[in-house]
Structures are given as C-alpha cells and as structure tokens.
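> Predicted coordinates and the sequence they were generated for:
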Amino acid sequence: MSDHYPVAQNQMQYPQTAQNPVPTCSLSALANMAIAGAVIGGSAAAAKNLRRVQQEEIQSREALIDTGKTALSSAVATAAATAAATTVAGVVSHAVADRSCCAWQ
C-alpha cells in the first residue's frame, strides 16, 4: 500500500492463490440449496396444479406428477446455479486479490 492510504497491519489481507484455492460448496450446502429450490419450485407448481384440478383441466394424478417433476428440476437447477455462482465468486475474488496487476503496489 502507498503512504497516501495508511492501513493498520492485518486490516487488509490478500489471500495467496496457492494457499487459498477457489472456494467450492460443500455437499451439505448444495443439498440445502437443492431442498430450498425444490420447496419453492414445488410450491409454485402445486398452487398452479391445484387450481387446474379444481377447474377440472387435469386429473389429480397428472397434477402430482407435474408438481414432482417441477420440484425435481427446480432442485437440480438451484444446486447447479449455487455451485456455478460459488465458483465464479471465488475466481473473481482471487483475481481481485491478486495485487500483481494493480497500480497501487
């Protein structure tokens, strides 16, 4: 850091790439996000399908199958998006923390 912007020791820390690899989600975190996605997607599908059953557009069995498919696809999509976002965030944080490219060194 330059003398123009004094910073107390240990106030700003820039991780080394070799010591701090790109963060990844644990399996339990991905599972939790998948459950959240399933609950949200499944709830929306259940509400839609309940209305359709009440209006006699579809049978109960069709509504149940559609709700299950939607909940499963929402779970997979949410887990995949979580893993991708975590990886991108880690790569960006390492790129920002790599001070070799910065003019203030």
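Arrived safely, thanks for sending.
> ok, the closest residue to Ala44 other than its chain neighbours - contacts?
Of all residues not flanking Ala44 in the chain, Thr70 sits nearest, at 7.5 Å (CB to CB, 6 or more residues apart in numbering). In short, each C-beta sits where N, CA and C put it, glycine included. Contacts for Thr70 (CB atoms under 8 Å, 6 or more residues apart in numbering) come out as 41-42, 44-45.
> Please tell me which one of the residues you listed counts the most neighbours.
Gly41 (21 neighbours; other CB atoms under 10 Å).
> isn't that one right up against Ala79?
No: the pair Gly41 / Ala79 is not scored as a contact, 11.8 Å apart, by CB atoms under 8 Å.
> neighbours of Ala84, just the number please.
11.
> So what's the model's average confidence on stretch 63-71?
In this model, stretch 63-71 has a mean pLDDT of 97.
> Dump the contacts of Thr70 into a markdown table; add secondary structure and pLDDT as well.
Output for the contacts of Thr70, formatted as a markdown table (DSSP: H, G, I helix; E, B strand; the rest coil; pLDDT from 0 to 100):
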| residue | secondary structure | pLDDT |
| --- | --- | --- |
| Gly41 | helix | 97 |
| Gly42 | helix | 97 |
| Ala44 | helix | 97 |
| Ala45 | helix | 98 |
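> Low-confidence regions, the chain specifically.
Along the chain, segments meeting pLDDT under 70 span 1-24, 94-105.
> Longest helix in it, please.
Using DSSP state H, we find that the single longest helix of the chain is helix 60-97.
> List the contacts of Ala29.
Contacts of Ala29 (CB under 8 Å, 6+ apart): Thr82.
> run the last query once more with 10 Å
79, 82-83, 86 (CB atoms under 10 Å, 6 or more residues apart in numbering).
> Roughly how far does it sit from Val88?
16 Å (CB to CB, to the nearest Å).
> how far away is Ile40 from Ala29?
For Ile40 relative to Ala29 (CB to CB), the value is 17 Å.
> still on that earlier bit, show me which positions of the longest helix of the chain end up buried.
63, 66-67, 70-71, 74-75, 78-79, 82, 86, 94 (16 or more other CB atoms under 10 Å).
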